[in-house]
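Asker: next one to model:
(one chain, ligands or ions: 2)
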Amino acid sequence: MVYDLIFRNVRIVDGTGAPWFYGEVAVRGDEIGEVSYKIDAGAKRVIDCKGMILSPGFIDAHSHSDSCWFVDKRGESKIRQGVTTEVTGQCGASPAPATGKGESPSILEEGEELRWSTFGEYLSALEANGVGINIVPLVGHSALRSSAVGYDARRPTGDELQEMKHLLVEALSSGAFGFSTGLIYPPSSFADTEELIELAKTMSAYGGIYATHMRNEGKRLLESVEEAIRIGREGNVPVHISHHKASGEAAWGLVKESLAMIDEARSQGLDVTCDQYPYIASATGFKAIIPSWAHEGGSQALLARLKDPETGARLKKEVQDYQGPVDGWSKMLITSVASEKNKFAEGKRIPEIASILGLSEVDAAFKLLIDEELGVGYANFGMCEEDVKMVMAHPVVMIGSDSSCRAIDGPLATGKPHPRAYGTFPRVLGKYVREEKVLTLENAVFKMTGMTATRLGLTDRGLIRPGMKADITVFDPDTIIDKATFEEPNQYPVGIEYVMINGVMVVENGDSTGEIAGRVIRRK
Ligand code: ZN
Ligand code: CU
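Answerer: Numbers count the residues shown, from 1 in each chain. Ligands and ions are numbered 1, 2, ... in the order given. Below is the predicted model of the structure:
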């Protein structure tokens, strides 16, 4: 028996949370063939790992790599972190379905065109195109709702609700692992709890999880957790809370209670889990600072309201009243703009931009949104370290980057994205495991592999075991760390030596090999 490859002299962290052990791992084809203390068989290739850590390839529990594949298949910013699988379609946003009433989803990369209408067609387009990382897709509620209802801020009619259910079932039957909501993003935000319970009930018969970017992650965090739990309970589906956090100083500390609510729900038999990225700043489209009511009708309608003297003034007041008291503006940093003319704003905070423009903060914010026709991204430094650590240490929290693939070259090398795009996994292993000892190495790896695989029902990934798909990451626990910062995010981390996806080496000696080896994984 000759294997394709054997990793020798390695410390195996197997993804279960069990302590590491010295051993060897053999790969044949796209599978792990053998795991033991000593492998006698030969191999076409042997890699001496010099005592580094070998673990299952990391699973990004919360990814926005929905359409980046059509402009750059490499998945660079993720494979360099050791990520081999991503859970996409998050925060209510997926590129499909796109069947009718609504404007086409804004999550496409610049210049991309829609080439599908149903979810199944989208997955086939991904497959035909090729993906650098395994994709585990969710369907987004915004896509369901915009296809059936458009951008109206109202309850769906009976027929429209039927249509949403029909589209949900189509997605689940095509391979979606569940559906996600983005309850601060229109049109997902236009749904009431009852609508989501109805959809959950429909999903219940087909399997799948309910992943949610909750309605409020600030002072009303606990109400939001209550809503998520209620949807799980009444809809009879597992609940997964996305990027769990308490944002804004007034909300700091609330995660203690929210995590207790999750424990309580679990003790009553409801399956609730979370994910988290390891930063005190969040990031999203800057238009999210505008109150939900002004988004009705979609982007053009929102833009018209911002420009309208009367409505614009009313919105400015609402935004100022909300942001002002919590010292909001100085915590906001612009990450990307669409036009050359405002490039100066990238990497700067709002007060600095305002003083450059000679405007008040709220006027500067509105000017950017109007100038860029809403194409502005921002980061918000709203969290505190204590909360981040408390959430991270909780037993049902897994790691997710909340970002799409970027690269330091090619078409995805734009803007100054939140550094989580490049740094999430190495940061947990370097800063929170090695330096601050918030987690043990084995527990951290479990939160990046076995726990996430179990959550999604992936039975052939996430562990180092014979018969599992050969998704493998080898890293140096003494040097692994993120390099990306808010000022200079476009930097790959260090300390990740080898990354293998489906038996194909995609990172070798810390550099990518250029191989495209991911697969679209459909729920069976
Ligand atoms: Zn989100
Ligand atoms: Cu997200």
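Asker: other SSEs contacting the helix or strand hosting V255?
Answerer: According to DSSP states H and E, V255 maps onto helix 254-267. Packed against helix 254-267 by the contact rule (3 or more CB pairs under 8 Å, 6 or more residues apart in numbering; DSSP states H and E) you find helix 221-235, strand 272-276, helix 385-393. C-beta: built from backbone N, CA, C; applies to glycine.
Asker: and the residue of the stretch 351-500 of the chain found nearest ligand 1, what does it touch?
Answerer: Residue of the stretch 351-500 of the chain nearest ligand 1, by CB to the ion: D402 (6.1 Å). For D402, the contacting residues are 62-64, 90-91, 242-243, 277, 282-283, 418, 420, by CB atoms under 8 Å, 6 or more residues apart in numbering.
Asker: kindly state the pLDDT recorded for it?
Answerer: Per-residue pLDDT puts D402 at 98.
Asker: how about V13?
Answerer: On the pLDDT scale, V13 is placed at 98.
Asker: same question, G100
Answerer: Looking at G100, its pLDDT stands at 67.
Asker: swap in I184?
Answerer: The predicted structure scores I184 at 94 on the pLDDT scale.
Asker: what sits against it?
Answerer: By CB under 8 Å, 6+ apart, the contact set of I184 is 213, 215-216, 288, 292.
Asker: report the closest residue of the stretch 1-150 of the chain relative to ligand 2.
Answerer: For the stretch 1-150 of the chain, CB to the ion, closest residue to ligand 2: C91, 3.6 Å.
Asker: biggest strand in this structure, by residue count?
Answerer: strand 2-12 (DSSP state E).
Asker: which residue ranges make up the domains of this structure?
Answerer: In the domain annotation for the chain, the residue ranges read 2-56+468-477+492-512, 59-280+382-456, 285-380 (automatic domain parsing).
Asker: looking at the ones you listed, which is nearest to I521?
Answerer: Closest to I521 of the domains of the chain is domain 59-280+382-456 (CB to CB; 5.2 Å).
Asker: farthest-apart pair in the contacts of D402, please.
Answerer: Across the contacts of D402, the longest distance by CB to CB is 15.6 Å; it joins S63 and S282.
Asker: between those two, which is the more surrounded one?
Answerer: Legend: neighbour count by other CB atoms under 10 Å for S63 and S282, higher for S63 (30 against 20).
Asker: contacting residues around the more buried one?
Answerer: S63 sits in contact with 78, 86-88, 90, 400-404, where contact means CB under 8 Å, 6+ apart.
Asker: quick check: the farthest pair among those residues?
Answerer: K78 and Q90 (14.2 Å).
Asker: need the helices for the stretch 101-250 of the chain, in chain order.
Answerer: Using DSSP state H, counting those that start in this stretch, the helices of the stretch 101-250 of the chain run over residues 119-129, 141-148, 158-174, 193-204, 221-235.
Asker: ranking these by burial, who's on top?
Answerer: Highest mean neighbour count of those: helix 141-148, a mean of 28 (counted as mean count of other CB atoms under 10 Å).
Asker: give me the contact list for that helix.
Answerer: Contacts of helix 141-148 (CB under 8 Å, 6+ apart): 92-103, 105, 156, 160-161, 163-164, 167-168, 171, 179-182, 185-188, 190-191, 196, 199.
Asker: give me the element the residue lying closest to A354 once chain neighbours are set aside is part of.
Answerer: The shortest distance from A354 to any non-neighbouring residue, by CB to CB, 6 or more residues apart in numbering, is to A364 (3.9 Å). Per DSSP H and E, A364 falls inside helix 361-371.
Asker: and that helix, what's buried?
Answerer: 361-362, 364-369, 371 (16 or more other CB atoms under 10 Å).
Asker: SS state for V25?
Answerer: Classification of V25 using DSSP: H, G, I helix; E, B strand; the rest coil returns strand.
Asker: circling back: only the buried subset of the contacts of helix 141-148, as a ChimeraX command please.
Answerer: In ChimeraX syntax, the buried subset of the contacts of helix 141-148 is picked out as below (16+ other CB under 10 Å):
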select :92,93,94,95,96,97,98,99,102,105,156,160,161,163,164,167,168,171,179,180,181,182,185,186,187,188,190,191,196,199
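Asker: hmm, Y422 is touching A484, no?
Answerer: Yes. At 3.8 Å, Y422 counts as touching A484 under the criterion of CB atoms under 8 Å.
Asker: quick check: neighbours shared by these two?
Answerer: Jointly contacting Y422 and A484 under the rule CB under 8 Å, 6+ apart are 490-491, 493.
Asker: buried subset of these?
Answerer: Among the shared contacts of Y422 and A484, those buried by neighbour count (16+ other CB under 10 Å) are 490-491, 493.
Asker: now tabulate these in TSV and tack on pLDDT, secondary structure and distance to ligand 1.
Answerer: Listed next are the buried ones among the shared contacts of Y422 and A484 as TSV, based on pLDDT from 0 to 100; DSSP: H, G, I helix; E, B strand; the rest coil; distance: CB to the ion, whole Å:
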residue	pLDDT	secondary structure	distance to ligand 1
N490	96	coil	22
Q491	98	coil	24
P493	98	coil	23
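Asker: what's around K331, how many residues?
Answerer: 22.
Asker: actually I356, not the one I typed
Answerer: Look at I356: counted by other CB under 10 Å, it has 12 neighbours.
Asker: pretty sure it contacts N342?
Answerer: No. The criterion here is CB under 8 Å, and I356 misses it with N342 at 10.3 Å.
Asker: what sits up against stretch 283-298?
Answerer: Residues outside stretch 283-298 that contact it (CB under 8 Å, 6+ apart): 102-103, 106, 150-153, 184-187, 189-190, 301-302, 305-306, 311, 315, 318-319, 322-323, 332, 334-335, 365, 368-369, 374, 376-380, 402-403, 417-418, 420.
Asker: go again using 7 Å as the cut-off
Answerer: Contact with stretch 283-298 is made by 103, 151-153, 184-186, 189, 302, 305, 315, 318-319, 323, 335, 365, 368-369, 374, 376-379, 418, as judged by CB atoms under 7 Å, 6 or more residues apart in numbering.
Asker: does that stretch reach ligand 1?
Answerer: No. Stretch 283-298 lies apart from ligand 1 when judged by CB under 5 Å from the ion; the minimum separation is 6.8 Å.
Asker: looking at the residue of the stretch 101-250 of the chain found nearest ligand 1 now. What's its pLDDT?
Answerer: Using CB to the ion, the closest approach of the stretch 101-250 of the chain to ligand 1 is made by H213 at 3.4 Å. At H213, the pLDDT value in this model is 98.
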